[in-house]
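Chemist: Structure for the following, please:
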Amino acid sequence: MEADLSRIVAQAAGKLLGKNQQEAAQQQAQQQAQNPLTKIQMKELELREREVAIKETESQHQIAMDKAKVELDVASKTANIEIQRERIQSEEDRERARIGAKMAVDYVDMASKERLEGARIGVEIAKEAVSRLGDTNE
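Modeler: Have a look, this model is predicted:
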């Protein structure tokens, strides 16, 4: 029985010691919270946390701005490429039209020259024919 009583007293003493230690820790934490130096340190910590949050927000804003700038640059360059393609296509179309017109003019010139040459040859043949007729009539 004495052993049981000793064991129960030891358990109670352990619980009481734990409770007292917990209360002492709480009291010490409350005293530290009331300490002006602790209050200053807590304010400094709070300010640092705010600074970090502000820097994080600024960093996210800068990232968003950089991303928007890159997207705008890509869109601008894409539009510029399309404009250049259209310009090149337009130049090619103009060159094709110029070549086609030149070919048409050359064809007409060649046909006219051939007609003139044909007419000249015809005149020569006619002169020879008249000349031969004149020679046979004499």
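Chemist: Helix or strand: which one has I81?
Modeler: Element membership of I81 [criterion: DSSP states H and E] is helix 36-137.
Chemist: now that helix, how far from the chain's geometric center?
Modeler: Distance, stretch centre to chain centre, for helix 36-137: 22 Å (C-alpha atoms, centre = their mean, to the nearest Å).
Chemist: So for it, mean pLDDT?
Modeler: Helix 36-137 shows a mean pLDDT of 89.
Chemist: can you count the residues close to V74?
Modeler: The number of residues packed near V74 is 10, by other C-beta atoms under 10 Å. Bear in mind the C-beta positions are built from the backbone N, C-alpha and C, glycine included.
Chemist: all numbers from here: first residue = 3
Modeler: All right, first residue 3 from here; so that's V76.
Chemist: Check L18 and give its pLDDT.
Modeler: As predicted, L18 sits at a pLDDT of 69.
Chemist: actually K21, sorry about that
Modeler: 77.
Chemist: quick one: it from S8, how far?
Modeler: The spacing between K21 and S8, counted by C-beta to C-beta, to the nearest Å, is 20 Å.
Chemist: Then R98?
Modeler: From R98 to S8 the distance is 114 Å (C-beta to C-beta).
Chemist: Check T59 too.
Modeler: For T59 relative to S8 (C-beta to C-beta), the value is 63 Å.
Chemist: Next, the contact list for E60, please.
Modeler: With contacts defined as C-beta atoms under 8 Å, 6 or more residues apart in numbering, E60 has no neighbours.
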